[in-house]
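**Q** I'll drop the sequence and a predicted model, then ask my questions.
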Amino acid sequence: MASLLAASTIPAAPVIGLMALGVLIAMVGHAMRSRGTVAAGLAILFLATAGMVVGGFAAYNRGETDPRPGCPGGDCRSAPDTPNGGGLR
């Protein structure tokens, strides 16, 4: 559980950079026709993606603030940017 909390404190930019690096390594491996290099790049990409999902899940479970702009009274279901004013019809 402690690793989930630690993962949620990592900003998104380094994780996205790691994803881009994985794609770049996979592309270079494809150009070199090296299955090992392609596999390493894809492994980096998928591990970074999994890390982002775990971090988002941990942040959600910690009850961090709502990222949407101010909701009147904390009830975002009636925010003006939702369809039909947030009401279900």
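**A** Alright, I've got the coordinates. Here the structure is a predicted model, which means the values were calculated and not measured. Numbering: from 1, shown residues only.
**Q** alpha carbons only for contacts and neighbour counts from here, please
**A** Fine.
**Q** select the longest helix from the protein.
**A** For the chain, the helix with the greatest residue count under DSSP state H is helix 35-61.
**Q** how about that helix: buried residues?
**A** Buried positions in helix 35-61, judged by neighbour count with 16 or more other Cα atoms under 10 Å: 37-49, 51-52, 54-56, 58-59.
**Q** isn't Gly41 up against Ala20?
**A** No: in this structure Gly41 lies outside contact range of Ala20 using Cα atoms under 8 Å: 9.4 Å.
**Q** avg pLDDT for stretch 56-71?
**A** For stretch 56-71, mean pLDDT is 65.
**Q** in contact with Ala48, which residues?
**A** 15-16, 18-19 (Cα atoms under 8 Å, 6 or more residues apart in numbering).
**Q** where does pLDDT dip in this protein?
**A** Residue ranges of the chain with pLDDT under 70: 1-10, 62-89.
**Q** how deep is Pro11 tucked in, by neighbour count?
**A** As a burial measure, Pro11 scores 11 neighbours (other Cα atoms under 10 Å).
**Q** swap that for Val28, sorry
**A** Neighbour count for Val28, taken as other Cα under 10 Å: 15.
**Q** which strands or helices does whichever strand or helix holds it pack on?
**A** Assigned by DSSP states H and E, Val28 falls within helix 12-32. In terms of contacts (3 or more Cα pairs under 8 Å, 6 or more residues apart in numbering; DSSP states H and E), helix 12-32 is packed against helix 35-61.
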